[in-house]
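Asks: starting from these lines, generate the structure:
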Amino acid sequence: MVTRSQTLVAYDISNNKVSRKTRELLERLGLRALQKSIYWGLLYPAESRYLLQKVQELLEKTDKFFLIKGTWEGQLKEHSFGYQEEDLIIDTTHYVL
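Replies: Coordinates of the predicted model:
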C-alpha cells in the first residue's frame, strides 16, 4: 500500500507570475500555506515526483525551491507560535489528481 508522507515545501521565487503558478500547484496538491512561501501537507510519492517535475519546468535559474519529507505534525504544534490548532491539521480527505 502506498502511503502519503508529510511534506514541507519552501521556495523563493522572484517572478510574481511563476510564484503564483507554484502556489496554485501546491494548493491543488492539497498542501496548506504555513507562511507565504512555506507549504505543508501529505503527498503520495507520485505527487512529489509530479510536483518536482512541474517546478523544474517553471523555475528560473535564480529561483530556489525545496521539498523535504518527514514527520513534523507534533513538533509544529509544540514548537510554533502564532498558529491556530486548525492551521496545523493535515487534510486527510485529499484526492489524487
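Asks: excluding chain neighbours, what is closest to T3?
Replies: Y44 (7.8 Å; CB to CB, 6 or more residues apart in numbering). Every C-beta, even on glycine, is put in place using the N, C-alpha and C of the backbone.
Asks: I figured the one you found was touching T7, is that so?
Replies: No - the criterion here is CB atoms under 8 Å, and Y44 misses it with T7 at 9.8 Å.
Asks: and those two? which has more neighbours close in?
Replies: Using other CB atoms under 10 Å, the more surrounded residue of Y44 and T7 is T7, with 24 against 17.
Asks: quick one: that one and R49, what's the gap?
Replies: 12 Å (CB to CB, to the nearest Å).
Asks: and if you look at A10?
Replies: Distance from A10 to R49, by CB to CB: 18 Å.
Asks: I'd assumed S37 was in contact with A10.
Replies: Yes - if you go by CB under 8 Å, A10 and S37 touch, sitting 6.2 Å apart.
Asks: count of residues packed around the closest residue to D63 other than its chain neighbours?
Replies: In space, and not counting its chain neighbours, D63 is closest to I13: 4.6 Å by CB to CB, 6+ apart. Residues lying near I13 (other CB under 10 Å) number 21.
Asks: list the contacts for I13?
Replies: For I13, the contacting residues are 19, 22, 37, 59-60, 63-65, by CB atoms under 8 Å, 6 or more residues apart in numbering.
Asks: now it: how far from T3?
Replies: I13 is 30 Å from T3, by CB to CB.
Asks: cool, S19 as well?
Replies: When S19 is compared with T3 (using CB to CB), they lie 30 Å apart.
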